[in-house]
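J.: Dropping a prediction and its sequence here:
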Amino acid sequence: MTHDPTMTHDLLKVEGLRKYFPVKGSPRKVHAVEDVSLRLRHGETLGVVGESGCGKSTLGRVILRLLAPTEGRIWLDGVDVAGLGPRQLRAARRDMQLIFQDVYASLDKRQKVGQIIAEPLTVHGVGDRKARRERVMELLGMVGLEPSAADQYPHEFSGGQRQRIGIARAIALSPKLVVADEPVSALDVSIQSQILNLLVDLRKQLGLSYLFISHDMAVVEHICNRVAVMYLGQIVETAPVEDLFSGPRHPYTRALLAAIPRPDLRRRRGERPLLHGEPPNPETPPPGCRFHPRCPQAMAVCRSTAPPEYSAEGAGRFHGVKCHLYG
Amino acid sequence: MTGKETPAPAETVLAVRDLTVGFATETGAVRAVESVGFTLRRGRILGLVGESGCGKSVTAMAVMRLLPTPPAFVESGRILFDDEDLLTFPENRMRTVRGNRIGMIFQEPMTSLNPCFTVGFQIGEVLRFHRGMNRDAARDRTVEVMEGVGIGAAGSRVDQYPHQLSGGLRQRVMIAMALACDPRLLIADEPTTALDVTVQAQILNLLAQLQERLDMSVLLITHDLGVVAESCDHVAVMYAGRIVESAPVEDLFTRPAHPYTYGLMSAIPRLGRRSEYLPTIAGMVPSLDHRPVGQCYFAERCPRAGERCFREIPPLTSRRENHECACWNPHDA
């Protein structure tokens, strides 16, 4: 194992990550993740936002090594996860867990809840049967479920309760990093807030760090410290949450924020600024800046040259933006 | 629009009265919709909001007479469309209403379109059936309607199949199909829920423009309070099969009266308002077969519930102009 000495405060550091998928019967490849670099500090929640197909879920899965990266480095607490062999990877998995969006498909309906939550403990050989049972009871309490839940089946629970079960499983091994992939998107609003509050509680209690993947900007603003905005496989803007929401720089981020219907009556129908078209096919990303065909501020240079990440620093904090407007 | 200059209230297009819909199940009948009533006037947009299972879609399907019977059955009520009760229509007459005087858009454009036929054929079918147009006339009109809903290169897209189109374009095709016959009423069930926000914005804008241009009435079913705030004139909030509050949109957002509406509005994270914890509504919606009897369905979760709430079902009563609420202890009392 190699260690990166510069990583003192970062729990996760990703550099130059790429993930391409082959296309059946074609020499082309889907460029799902294209040269992504990011950092996640201990105890921090980093939001990854973007629309469907932007590569945010693929990014989360590559970081967890559920998918092999095509290129790039992933450091988790000093360990180069991208270069690990199968045995070492299995051991490293204790430190990184996933919370899923689909609370129906992600729980085995034939297993009792107690078994589902204990599975990571069993797989990693933690404790004996009795100790695991005790740990399951403790975890149920932490996520706000009754001890009796251990002997019930997933179908006996509502969507919100199922997500609590999924969360209990994810934290069973006391991981350092939790990737939460749209953890509240499938839930009703009154349940969403309960789950978001639970995630905040657990972060504080257990010192977790979250990579929080979501398409919902309001949820991201609520729960995250920093945000990375993705478009067509690339991170186009990164900033502390306050800076991103009060002063979005990238034209895409601006459009995304403007498009959200807000429950505050300040804007009425037909008054919203519009982004034209839809994201292009990631098999054939446009040359230059990937956003230029939809960008209201596109210049000649945007059509030919991909913008590097410029620093739009404000108040001494890093605010990165991949856009020629800031060059 | 002439409708806006006339002082008299616009005519009523749809009036649902005391609608109760049940479903027969193996363990007995359950009620998905109970005593629901609302009025939709010409050129207005009425929002029906609530969380999953609250009965909003069943209400819409009942209006269209699209519920499979059995297991569904309308226990009581009237659905007055242009003063005629749709529930008394025989099926063959109902077929002349659906897709013609009442258009409908569903949430999932991929499953609502037939993958085996071109989109032009599917839009044209509505015109051939309802307007008796021949193929050429239907095709010309189809291209026109497609252009009207903002589909670029409609002349060539008309011959494409649903899978060749993006999600946003498919939803535009659905809208074109629903509007091909200039309906008086459009029922839109979560029309933008499956779409990305930037595309959702395009579709919401389009619906607003079309609604105004055609002076159409819209029944908009959604779970998204943001969509409601931007789109609707009047809102009815549903909970566990009943309407718990009904008000003009401004009034509902500035002065929610029912504790459920109030809780819902506090529970959503809002841009620009950060706090560590969100207010929550305790517990969860009672399931269809476990609804409490003879009491307010929200009482168990309600922070304002008193003794009466567990003894008597609160009726929907008028609080101020056009603002009704079904609660024994509302927020503005």
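T.: That came in fine, so what should we check first? Residues are numbered from 1 along each chain as shown, chains lettered A, B, ... in the order given.
J.: longest strand of chain A?
T.: Looking across chain A with DSSP state E, the single longest strand is strand A:26-41.
J.: Report the buried residues of it.
T.: A:30-41 (16 or more other Cβ atoms under 10 Å in any protein chain shown). From N, CA and C alone the C-beta is placed, and that goes for glycine too.
J.: so how far is A:C323 from A:L244?
T.: Look at A:L244 and A:C323: by Cβ to Cβ, to the nearest Å, they are 14 Å apart.
J.: list residues touching both of these two?
T.: Listed as contacting both A:L244 and A:C323 by Cβ atoms under 8 Å, 6 or more residues apart in numbering or on different chains are A:E237.
J.: Between those two, which is the more surrounded one?
T.: The residue with more neighbours, out of A:L244 and A:C323, is A:L244; 27 against 23, by other Cβ atoms under 10 Å in any protein chain shown.
J.: The host helix or strand of B:F38 - contacts with which helices or strands?
T.: For B:F38, the enclosing helix or strand under DSSP states H and E is strand B:28-41. Counting contacts by 3 or more Cβ pairs under 8 Å, 6 or more residues apart in numbering or on different chains; DSSP states H and E, strand B:28-41 packs against strand B:12-25, strand B:45-49, helix B:56-63, strand B:72-81, strand B:217-222, strand B:242-248.
J.: average pLDDT across that strand?
T.: In this model, strand B:28-41 has an average pLDDT of 93.
J.: residues of it that come out buried?
T.: Of all the residues in strand B:28-41, those buried under the rule 16+ other Cβ under 10 Å are B:30-41.
J.: same question, stretch A:81-90
T.: For stretch A:81-90, a neighbour-count test (16+ other Cβ under 10 Å) marks A:81-82, A:84 as buried.
J.: repeat for stretch B:96-107
T.: Using 16+ other Cβ under 10 Å as the test for burial, stretch B:96-107 gives B:97-107.
J.: Quick one: the helices in the stretch 151-300 of chain A, in order.
T.: Ranges of helices in the stretch 151-300 of chain A, per DSSP state H, counting those that start in this stretch, are A:159-171, A:189-206, A:217-223, A:241-246, A:251-259, A:300-304.
J.: Return the distance of the second one from the chain's centre.
T.: What it means is helix A:189-206. What separates the centre of helix A:189-206 from the centre of its chain is 16 Å, taken as Cα atoms, centre = their mean, to the nearest Å.
J.: what's next to that helix, contact-wise?
T.: Contacts for helix A:189-206 (Cβ under 8 Å, 6+ apart): A:43, A:45, A:142-144, A:158-160, A:163-164, A:167, A:171, A:174, A:180, A:183-184, A:187, A:208-210, A:219, A:222-223, B:51, B:223, B:225, B:263-264, B:267-269, B:276-281, B:284-285.
J.: Mind checking which of the residues you listed are buried?
T.: Using 16+ other Cβ under 10 Å, the buried members of the contacts of helix A:189-206 are A:43, A:45, A:142-144, A:158-160, A:163-164, A:167, A:171, A:180, A:183-184, A:187, A:208-210, A:219, A:222-223, B:51, B:223, B:225, B:263-264, B:267-269, B:278, B:280-281, B:284-285.
J.: Which element, helix or strand, includes the residue lying farthest from the centre of chain A?
T.: Farthest-out residue of chain A from its mean C-alpha position, per Cα atoms, centre = their mean: A:K130, at 34.3 Å. Using DSSP H and E, A:K130 falls within helix A:129-142.
J.: Give me the mean pLDDT for that helix.
T.: On average, helix A:129-142 scores 96.
J.: angle of it against helix A:189-206?
T.: Interaxial angle, helix A:129-142 versus helix A:189-206 (axes from the mean of the first three to the mean of the last three Cα atoms, to 10 degrees): 120 degrees.
J.: what residues does the stretch 201-327 of chain A put near chain B?
T.: Listed as neighbours of chain B in the stretch 201-327 of chain A under the rule Cβ under 8 Å from any Cβ of the partner chain: A:215, A:217-219, A:221-223, A:241-242, A:245, A:255-265, A:267-270, A:272, A:274-276, A:278-279.
J.: Restricted to buried residues, select the residues you listed in ChimeraX.
T.: Typed into ChimeraX, the line below selects the buried ones among those, using 16+ other Cβ under 10 Å:
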select /A:215,217,218,219,221,222,223,241,242,245,255,256,257,258,259,260,261,262,263,264,269,272,274,275,278,279
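J.: Any buried residues in the longest helix along chain B, and which?
T.: Longest helix of chain B, by residue count under DSSP state H: helix B:197-214. The neighbour-count check on helix B:197-214 (16+ other Cβ under 10 Å) flags B:197-208, B:210-212 as buried.
J.: Tell me which residues touch the closest residue to chain B within the stretch 1-150 of chain A, please.
T.: Residue nearest to chain B within the stretch 1-150 of chain A (Cβ to the nearest Cβ): A:E51, separated by 3.8 Å. By Cβ under 8 Å, 6+ apart, the contact list for A:E51 reads A:215, A:231, A:256, A:279, B:196-198.
J.: And for A:G55?
T.: Taking Cβ under 8 Å, 6+ apart, one finds A:19, A:32-34, A:230, A:232-234, A:282 in contact with A:G55.
J.: Would you format the residues you listed as TSV with distance to B:C327 included?
T.: Listed next are those as TSV, based on distance: Cβ to Cβ, whole Å:
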residue	distance to B:C327
A:K19	52
A:A32	50
A:V33	50
A:E34	53
A:M230	44
A:L232	48
A:G233	50
A:Q234	50
A:P282	50
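J.: and the residue of the stretch 1-150 of chain A closest to chain B, that's in a helix?
T.: No: A:E51 is assigned coil when assessed by DSSP: H, G, I helix; E, B strand; the rest coil, not a helix.
J.: Just the pLDDT for it.
T.: 87.
J.: got the end-to-end distance for stretch B:290-301?
T.: Distance across stretch B:290-301, first residue to last, is 14 Å (Cα to Cα, to the nearest Å).
J.: residues making contact with that stretch?
T.: Residues contacting stretch B:290-301 (Cβ under 8 Å, 6+ apart): B:31, B:239-242, B:244, B:258-260, B:263, B:281-284, B:286, B:302, B:305, B:309-314, B:326-328.
J.: switch to 10 Å and redo it
T.: With contact meaning Cβ atoms under 10 Å, 6 or more residues apart in numbering or on different chains, stretch B:290-301 is reached by A:190, B:30-31, B:34, B:239-242, B:244, B:258-260, B:263, B:280-286, B:302, B:304-314, B:326-329.
J.: Of those residues, select the buried ones using a ChimeraX command.
T.: Here is the ChimeraX command that selects only those of the contacts of stretch B:290-301 that count as buried (16+ other Cβ under 10 Å):
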select /A:190 /B:30,31,34,239,240,241,242,244,258,259,260,263,280,281,284,285,286,302,304,305,309,313,314,326,327,328,329
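J.: Just the CA trace of the longest strand of chain A, in CSV.
T.: Extracted C-alpha coordinates of strand A:26-41, given in CSV (Å, rounded to 0.1, in the frame of the first residue of the first chain):
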residue,chain,number,x,y,z
SER,A,26,-19.7,0.2,-31.5
PRO,A,27,-16.2,1.4,-31.1
ARG,A,28,-17.5,4.4,-29.2
LYS,A,29,-17.5,4.6,-25.4
VAL,A,30,-19.8,6.3,-22.9
HIS,A,31,-17.7,8.9,-21.2
ALA,A,32,-19.6,8.6,-17.8
VAL,A,33,-16.9,10.2,-15.7
GLU,A,34,-14.3,12.4,-17.4
ASP,A,35,-11.3,13.6,-15.5
VAL,A,36,-12.9,14.2,-12.1
SER,A,37,-10.9,15.4,-9.1
LEU,A,38,-12.3,16.1,-5.7
ARG,A,39,-11.5,16.2,-2.0
LEU,A,40,-13.6,15.3,1.0
ARG,A,41,-12.4,16.3,4.5
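J.: If you count contacts, what does that strand end up packed against?
T.: Applying 3 or more Cβ pairs under 10 Å, 6 or more residues apart in numbering or on different chains; DSSP states H and E, one finds that strand A:26-41 contacts strand A:10-23, strand A:45-49, helix A:56-63, strand A:71-76, strand A:209-214, strand A:226-231, strand A:234-240.
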